[in-house]
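K.L.:
Okay, predicted coordinates and the sequence, questions at the end:
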Amino acid sequence: MKLGEALSVRARQAQKLNDLRSRIKQNAQQQGDEATPENAEALVAEFIDLSSEHSNLILKINKANAETEVAPGTVLLDLLMEREDLNRQRGTLEMAANSASTNDSYRWHRSELPMKPAVNVPRLREHAENITEKVAELDAQIQTVNWQTEI
């Protein structure tokens, strides 16, 4: 199985685990002798089996990320961590630019000073756009490796 396929399977499994959890909760109690729509014990057993499969798949994915070399001295995990860092930076830059751009001209009294940006909004937005381009390049590189790597 390719790493890219494993990531897709992992996402589907995670969704199914969440669905099973909800169904277990909905069917965990019954009123009197009235039967529940689904057998909660069977759902629990299915959840446990799928959870074990899911954990094993995550272990394989994590090992592949840590061991797959994308360049001399660089493994896939390095690219994933770089992408996470860049996304975090971009989010903060965008938040700062958006906060500084808010036009709250409403004042209680005329004597109150109007709010003005304390940061250079265009520069923050430009920096965020540059990061977005870097993230797109990293994503393309990661996706290529994901569909070439056998786990």
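P.N.:
Structure received. A quick note: this is a predicted structure, and the numbers were derived from the prediction, not measured.

K.L.:
Find me whatever residue is spatially closest to residue 141, sequence neighbours aside.
P.N.:
Spatial nearest neighbour of residue 141, excluding adjacent residues (Cβ to Cβ, 6 or more residues apart in numbering): residue 79 at 6.3 Å. (C-beta placed from N, C-alpha, C; glycine too.)

K.L.:
Assumed the one you found was part of a strand.
P.N.:
No - checked against DSSP: H, G, I helix; E, B strand; the rest coil, residue 79 lies outside a strand; its state is helix.

K.L.:
Give me the distance from the longest helix along the chain to the chain's centre.
P.N.:
Ranked by number of residues, the top helix in the chain under DSSP state H is helix 40-67. Helix 40-67 sits 18 Å away from the centroid of its parent chain (Cα atoms, centre = their mean, to the nearest Å).

K.L.:
now do stretch 6-15
P.N.:
Using Cα atoms, centre = their mean, the offset of stretch 6-15 from its chain centre is 13 Å.

K.L.:
Equivalent analysis for stretch 64-71, please.
P.N.:
20 Å.

K.L.:
Around residue 34, how many other residues sit close by?
P.N.:
6 (other Cβ atoms under 10 Å).

K.L.:
For it, identify the helix or strand it belongs to.
P.N.:
Here residue 34, judged by DSSP states H and E, is contained in no helix and no strand.

K.L.:
any idea of the pLDDT on it?
P.N.:
Looking at residue 34, its pLDDT reads 86.

K.L.:
What's the separation between it and residue 80?
P.N.:
49 Å (Cβ to Cβ, to the nearest Å).

K.L.:
Go ahead and confirm residue 117 touches residue 96.
P.N.:
No - between residue 117 and residue 96 there is no contact under Cβ atoms under 8 Å: 9.4 Å.

K.L.:
So which of the two has more stuff around it?
P.N.:
The neighbour comparison of residue 117 against residue 96 (other Cβ under 10 Å) goes to residue 96, with 19 against 13.
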